[in-house]
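> need coordinates for the following:
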Amino acid sequence: MKIAICVIARNEEASIGPLIAQLARQSLLAQPYAFQIVILANACTDNTPGVARAALNTAFRDHAARPLVHETPLGGKARSWNVTVHDLVDNDVNVALFLDADIELIDAGVLKLLVETLLGDPELLAVSGHPIKDIARKTHKTLIDRFSLIVSRQSVAPHAINGSLYAAHMAALRKIWLPVPTPGEDGLLTAFIHTDGFSHPARPEVVAQIAHPTHYFEAHSVSGFFRHERRMAVGTVINGWICEFLWAGGYKENAGASIRDRNEADPEWVGRLVESRVAGRRWALPPRILTWRLHNLKGIGFRKALTRVPFSLVATILNIWPAVQANRILRQKGSAGFW
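Numbers count the residues shown, from 1 in each chain. Down below sits the predicted model:
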């Protein structure tokens with residue numbers, strides 16, 4: 001068994017060192033597996049690559065893991081994911097772990113838990129970590145903190161990949177090439193894995209999420225919340241249009257190789273697809289982008305829904321302005337590369 005631990009980072013010189021130190025303390029590294037550590041620094045304008053090399057030399061000095069730091073001047077997480085999976089990960093790797101550079105693992109057993117969960121169920125192709133905002137650790141939480149944590153708990157997706165931390169079988173990932181550019185990779189990656197590259201109806205059960213929190217991420221400020229919601233709206237809409245386009249292709253086999261060929265032969269194809277969807281429309285966002293938090297109340301029982309309604313309503317109202325901004329961005333040329 002060989003495992004690759006992969007980090008795609010852009011301008012993360014402040015966080016990449018601490019993350020690598022965390023990786024070296026993970027109990028997974030003491031297991032009798034071979035390991036490859038891959039750090040892909042994409043379009044960095046800071047010293048992320050240099051900090052990563054120094055941290056790897058220190059943290060893994062006495063470990064047999066094979067470290068690699070790769071630099072590319074091209075930005076975009078989907079593009080970087082394609083490079084990592086198809087060019088950098090060794091051919092004999094069985095399982096890949098992907099982590100964002102700015103997370104903090106909750107304890108030393110997180111990566112081992114992800115791998116054991118993945119290998120312990122033959123139905124699973126991928127296992128997602130369970131992110132939690134770092135404000136959850138605060139002893140004295142503000143009203144905004146409490147509201148933010150409640151809204152997050154209502155947004156759990158048990159069969160979706162969260163791009164900040166997940167494990168997957170390389171046999172599944174090697175069939176996938178993500179469209180480039182796209183604003184965020186985890187939604188499309190989930191769709192590819194659920195449907196074997198849009199070749200059969202979705203099987204959500206092939207992806208699972210760890211039931212309890214596995215890692216912290218930095219909570220957004222109020223202004224950061226609006227920026228995040230705007231990015232998520234843009235990414236969700238574009239990924240939805242890409243999925244519609246791929247379903248219309250009638251693929252009998254995984255569409256990954258077709259996406260690879262399209263990325264190489266026609267680098268502007270995603271941009272043109274977006275332009276065709278917004279042409280002649282003043283409002284391009286589907287209604288569900290505004291109401292999805294209310295849709296999530298369905299099927300959870302009357303009492304639970306009653307307690308969640310106030311928070312879902314407030315979050316929906318707060319999402320109106322980011323949706324307006326997202327709509328404006330989508331109608332601009334180059335929105336597919338927005339992030």
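
> all the helices of the protein, in order from the start?
Ranges of helices within the chain are 16-25, 48-59, 77-83, 110-120, 143-153, 170-173, 186-195, 222-247, 256-265, 269-278, 288-295, 302-318, 320-330, based on DSSP state H.

> closest one to residue 39 among those?
helix 48-59 (4.5 Å; C-beta to C-beta). To be clear about C-beta, it is placed using only N, CA and C from the backbone, and glycine gets the same treatment.

> in that closest one, what counts as buried?
Of the residues in helix 48-59, 48-49, 51-53, 55-56, 59 count as buried by neighbour count, 16 or more other C-beta atoms under 10 Å.

> likewise stretch 249-264?
For stretch 249-264, the neighbour count (16+ other C-beta under 10 Å) marks 251, 254-256, 258-260, 262-263 as buried.

> same deal with stretch 202-216?
Quick answer for stretch 202-216 (16+ other C-beta under 10 Å): 206-210, 214-216.

> neighbouring contacts of stretch 227-246?
179, 182-184, 187-188, 191, 198, 220, 255, 270, 273-274, 277, 284-286, 289, 318-319, 322-323, 325-326, 329-330, 335-336, 338-339 (C-beta atoms under 8 Å, 6 or more residues apart in numbering).

> go again using 6 Å as the cut-off
Residues from elsewhere that reach stretch 227-246 (C-beta atoms under 6 Å, 6 or more residues apart in numbering): 179, 183-184, 187-188, 191, 198, 220, 255, 273-274, 277, 285, 289, 319, 322-323, 325-326, 329, 336, 338.

> can you check stretch 167-179 too?
By C-beta under 6 Å, 6+ apart, the residues outside stretch 167-179 that reach it are 78, 81-82, 85, 93-94, 96-97, 114-115, 118, 125-127, 185, 188, 192-193, 242, 254, 256, 259-260, 270.

> circling back: the helices of the chain: which one's closest to residue 103?
Nearest of the helices of the chain (C-beta to C-beta): helix 16-25, 7.1 Å.

> elements contacting the closest one?
helix 48-59 (3 or more C-beta pairs under 6 Å, 6 or more residues apart in numbering; DSSP states H and E).

> list every C-alpha atom in the helix it packs on, with coordinates, as CSV.
Only the C-alpha atoms of helix 48-59 are listed here, as CSV (Å, rounded to 0.1, in the frame of the first residue of the first chain):
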residue,chain,number,x,y,z
THR,A,48,5.4,29.3,-0.2
PRO,A,49,7.7,26.8,-2.1
GLY,A,50,10.8,27.8,-0.1
VAL,A,51,9.0,27.5,3.2
ALA,A,52,7.5,24.1,2.2
ARG,A,53,10.9,22.7,1.3
ALA,A,54,12.5,23.9,4.6
ALA,A,55,9.5,22.5,6.6
LEU,A,56,9.7,19.1,4.8
ASN,A,57,13.4,18.8,5.4
THR,A,58,12.9,19.4,9.1
ALA,A,59,9.7,17.5,9.7
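
> and that helix with helix 16-25, angle?
30 degrees (axes from the mean of the first three to the mean of the last three C-alpha atoms, to 10 degrees).

> contacts for helix 48-59?
Helix 48-59 has contacts (C-beta under 6 Å, 6+ apart) with 9, 12-13, 16-17, 20-21, 24, 39, 41, 67, 69, 71.

> where does the stretch 101-250 of the chain have low pLDDT?
144-156, 220 (pLDDT under 70).

> apply 90 and report the result again.
Along the stretch 101-250 of the chain, the parts satisfying pLDDT under 90 run over 133-158, 181-186, 217-233, 235-236.

> against residue 175, how distant is the nearest residue to residue 255 once chain neighbours are set aside?
Leaving aside its sequence neighbours, residue 255 sits nearest to residue 197 (C-beta to C-beta, 6 or more residues apart in numbering; 4.3 Å). Per C-beta to C-beta, to the nearest Å, residue 197 is found 6 Å from residue 175.

> who's more crowded, those two?
Set side by side, residue 197 and residue 175 show more neighbours around residue 197, with 22 against 18, by other C-beta atoms under 10 Å.

> the more buried one is in contact with residue 256, isn't it?
Yes. Between residue 197 and residue 256 there is a contact at 5.0 Å, judged by C-beta atoms under 6 Å.

> for the residue most central in space within the chain, grab phi and psi.
Of all residues in the chain, the one closest to the mean position by C-alpha atoms, centre = their mean is residue 163, 1.9 Å from it. Per-residue torsions, residue 163: phi -60, psi -10 (degrees, to the nearest 10).

> pretty sure it is touching residue 186, no?
Yes. Contact criterion C-beta under 6 Å: residue 163 and residue 186 qualify, at 3.4 Å.

> of the contacts of stretch 167-179, buried ones?
Buried among those (16+ other C-beta under 10 Å): 78, 81-82, 85, 93, 96-97, 114-115, 118, 125-127, 185, 188, 192-193, 242, 254, 256, 259-260, 270.
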